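**Student:** fold the following and give me the result.
(2 chains)
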Amino acid sequence: QVQLVESGGGVVQPGRSLRLSCAASGFTFRSYALHWVRQAPGKGLEWVAVISYDGSNKYFAGSVKGRFTISRDNSKNTLSLQMNSLRVEDTAVYFCARDRGGGDFPDAFDIWGQGTIVTVSS
Amino acid sequence: DIQMTQSPSTLSASVGDRVTITCRASQTISSWLAWYQQKPGKAPKLLIYKASSLGSGVPSRFSGSGSGTEFTLTISSLQPDDFATYSCQQYNSYSWTFGQGTKVEIK
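**Tutor:** Sure, this is the predicted structure:
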């Protein structure tokens, strides 16, 4: 079935780095833009970053611009989020999500992973 | 960035009630608005896209309306499975933003 599965979360000290991955299955991965969305404990959803279907376009939220990078490997059906210079306020559940617009994004997010927890703490 | 403001933040209702949640955008977003349902510890689920289009497999008791800057999500007859948090999201530009969420509680 159509599925996204995140991994790579954990506990990390402020200033350090962490890399999240999202494995996709059940759909034509190379045809869809993909997003990262996070949710801090007890808070609402915050969009983090997006990468177009072919990796040629990337956009970031202001809160992570210059610190996070997004990439994808269409041969392996995987999405990644490299998080550098982590801050306490980056603590959240991180979800990957599919943009339903295919190559014609932006659109709503129709498939979500279960999330992976990132805790930034000394 | 476009700001999204939902009201109310919390709503107490009973099974069978008609429930309406409002979402306002800080600038016009045409009909580029989605609604999501989220239960504790779970990922969000797409309910409505393009302001009024029903997501795949979503019951017809859910409906969305609005355009420009003001939008509503309506649940025509609240069911036990509907107690959750609902969030709106704009996708008018390459900077998606969510509302702060509305928690629908059992009255």
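**Student:** and for the chain, the residue most distant from the center?
**Tutor:** I went with chain A, as the question did not name one. A:Ser122 (23.6 Å; Cα atoms, centre = their mean).
**Student:** chain B, not that one
**Tutor:** Chain B, farthest from centre, Cα atoms, centre = their mean: B:Tyr94 at 20.3 Å.
**Student:** list the contacts of the most centrally placed residue in chain B.
**Tutor:** Taking Cα atoms, centre = their mean as the criterion, B:Trp35 is the residue nearest the geometric centre of chain B, at 3.7 Å. B:Trp35 is in contact with B:23, B:46-48, B:62, B:64, B:73, B:86-89, counting by Cβ atoms under 8 Å, 6 or more residues apart in numbering or on different chains. Backbone N, C-alpha and C define where each C-beta goes, glycine included.
**Student:** any chance of those in JSON lines, plus distance to A:Ser85 and neighbour count?
**Tutor:** Below are those laid out as JSON lines (distance: Cβ to Cβ, whole Å; neighbours: other Cβ atoms under 10 Å in any protein chain shown):
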{"residue": "B:Cys23", "distance to A:Ser85": "33", "neighbour count": "28"}
{"residue": "B:Leu46", "distance to A:Ser85": "32", "neighbour count": "23"}
{"residue": "B:Leu47", "distance to A:Ser85": "36", "neighbour count": "22"}
{"residue": "B:Ile48", "distance to A:Ser85": "37", "neighbour count": "25"}
{"residue": "B:Phe62", "distance to A:Ser85": "41", "neighbour count": "19"}
{"residue": "B:Gly64", "distance to A:Ser85": "39", "neighbour count": "24"}
{"residue": "B:Leu73", "distance to A:Ser85": "38", "neighbour count": "26"}
{"residue": "B:Tyr86", "distance to A:Ser85": "34", "neighbour count": "25"}
{"residue": "B:Ser87", "distance to A:Ser85": "28", "neighbour count": "25"}
{"residue": "B:Cys88", "distance to A:Ser85": "31", "neighbour count": "29"}
{"residue": "B:Gln89", "distance to A:Ser85": "27", "neighbour count": "23"}
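**Student:** which of the residues you listed fall within helices?
**Tutor:** Of the contacts of B:Trp35, none are assigned to helices by DSSP state H.
**Student:** return only those of the residues you listed found close to chain A.
**Tutor:** B:46, B:87, B:89 (Cβ under 8 Å from any Cβ of the partner chain).
**Student:** bridge partners for the second one, pull those for me.
**Tutor:** In this case it means B:Ser87. Applying DSSP bridges to B:Ser87 gives these bridge partners: B:Tyr36.
**Student:** just the pLDDT at it, thanks.
**Tutor:** With respect to pLDDT, B:Ser87 scores 98.
**Student:** next one: B:Gln38 from A:Phe105, what distance?
**Tutor:** 22 Å (Cβ to Cβ, to the nearest Å).
**Student:** neighbour count: the two, which is higher?
**Tutor:** A:Phe105 (23 against 19; other Cβ atoms under 10 Å in any protein chain shown).
**Student:** the most centrally placed residue in chain A and chain B, how far apart?
**Tutor:** Residue closest to the mean C-alpha point of chain A, counted by Cα atoms, centre = their mean, is A:Trp36 at 2.6 Å. Separation of A:Trp36 from chain B (Cβ to the nearest Cβ, to the nearest Å): 11 Å.
**Student:** work out for me the element that residue sits within.
**Tutor:** strand A:34-39 (DSSP states H and E).
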